[in-house]
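S.K.: fold the following.
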Amino acid sequence: MRRIAGLLVAPLLLLSAVACGSDDKASDSASSKNGFPAITAGAKFGEKPTLSKGEGDPPKELKTDVISEGDGAKLKNGDAIQVNYLGQAWDSTKPFDNSFDRKQPFDLTLGAGMVIQGWDKGLVGQKVGSRVELVIPPELGYGEQGQGDIKPNATLVFVVDILKATQIPASAKGTEVAQDNVDLPKVGVKTDGKAPTVTIPKGDPPKKLVSNYVLESDGEVVKESDSVVVNYVGMIWKGAKEFDNTYTTGKTQTFPLSQVTLKGLKNGLIDKKVGSRVLLVIPPDQAFGDQQQQAIPKNSTLVFAVDILAKV
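M.R.: This is a model prediction of the structure:
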């Protein structure tokens, strides 16, 4: 079963491994500090940095330098984190991407494989509120294939500001809500961190979007401007075939709702409460329509059981 998470949201640099060019020019001087390319401007946390070009041959192993240490909690695998960053190749004077110009921090679940390995490995143990510089060898970056403006076998340098982190619960929890409509799927209510059961009836699917609580929490209401951390099971109504399941990998998904391209998923989660489990039945016109997507036939009605674990 192929993962389709990348089809649900608009591509992001580190999530989809697609780099975006930047017109910013770094310092041409080959200055360095402790073997790391020096920050020649914007050195403080929250400021957009300017990086010098690396000196000599880059290191062969992952290197992390704490430029300024925050006083927040240490990051752990499974945390939902929010960062700002600037990325540049070791031998370049031009950044290939940065979130500072977009004025939109990047959200991810640490250790979930959403980003290149150098990020997952280099950010673990760092404190919220810190600015760190990462030097990432090719095998922990984009390797022999490169990506976009990033050349094959490039050593990458990132300056990362760790803005916040949220610990993610294993499961949704809340008050059970009656599932008494026999024409709709039934979702399991166990809260053991395993995938809930989803039983789809034999009849025809509804023509309009369904977004119903299965477990209703008392958490904050999700807004379109939020990024959410979720676990989900995704199924095709016809044939009750599962096409995606984040529980089987043990890795949650984090995405900004504003960038969710699957209309029914986005609309179905807005105004729901964090900590809840939700049943979504998404008709074709709010799913993939008349376009086949991997194992999903065209004009398919989709069924999701979604645990809204956190928002960041």
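S.K.: quick one: the helix or strand where T64 lies to chain centroid distance?
M.R.: Per DSSP states H and E: T64 is located in strand 63-68. Relative to its chain's centre, strand 63-68 lies at 23 Å (CA atoms, centre = their mean, to the nearest Å).
S.K.: helices or strands next to that strand in the packing?
M.R.: Under the contact definition 3 or more CB pairs under 8 Å, 6 or more residues apart in numbering; DSSP states H and E, strand 63-68 sits against strand 131-136. Where C-beta positions appear, they are placed from N, C-alpha and C, glycine not excepted.
S.K.: CA atoms of the strand it packs on as PDB?
M.R.: Taking C-alpha atoms only, strand 131-136 is exported to PDB below (Å, rounded to 0.1, in the frame of the first residue of the first chain):
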ATOM      1  CA  ARG A 131      18.900  28.600  17.000                       C
ATOM      2  CA  VAL A 132      21.000  25.800  15.600                       C
ATOM      3  CA  GLU A 133      23.200  25.400  12.500                       C
ATOM      4  CA  LEU A 134      23.200  22.000  10.800                       C
ATOM      5  CA  VAL A 135      25.800  20.700   8.400                       C
ATOM      6  CA  ILE A 136      24.300  17.700   6.600                       C
END
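S.K.: so where do the helices sit in the stretch 1-150 of the chain?
M.R.: Listed in chain order, the helices of the stretch 1-150 of the chain (DSSP state H, counting those that start in this stretch) span 5-8, 13-16, 117-123.
S.K.: swap in the stretch 201-312 of the chain?
M.R.: Counting by DSSP H, counting those that start in this stretch, the helices of the stretch 201-312 of the chain are 263-269.
S.K.: quick one: average pLDDT of the strand holding T64?
M.R.: Averaging pLDDT along strand 63-68 yields 96.
S.K.: so it versus strand 131-136, what angle?
M.R.: 170 degrees (axes from the mean of the first three to the mean of the last three CA atoms, to 10 degrees).
S.K.: give me the helix or strand of this protein that scores worst on average pLDDT.
M.R.: helix 13-16 (a mean of 42; mean pLDDT, DSSP states H and E).
S.K.: before we move on, the earlier item: which of the helices of the stretch 1-150 of the chain has the lowest mean pLDDT?
M.R.: Among these, helix 13-16 carries the lowest mean pLDDT (a mean of 42).
S.K.: tell me the contacts of the nearest residue to K60 once chain neighbours are set aside?
M.R.: Distances taken as CB to CB, 6 or more residues apart in numbering place P137 nearest to K60, at 5.8 Å, with adjacent residues excluded. P137 sits next to P58, P59, K60, E61, L62, G118, T155 when contact means CB atoms under 8 Å, 6 or more residues apart in numbering.
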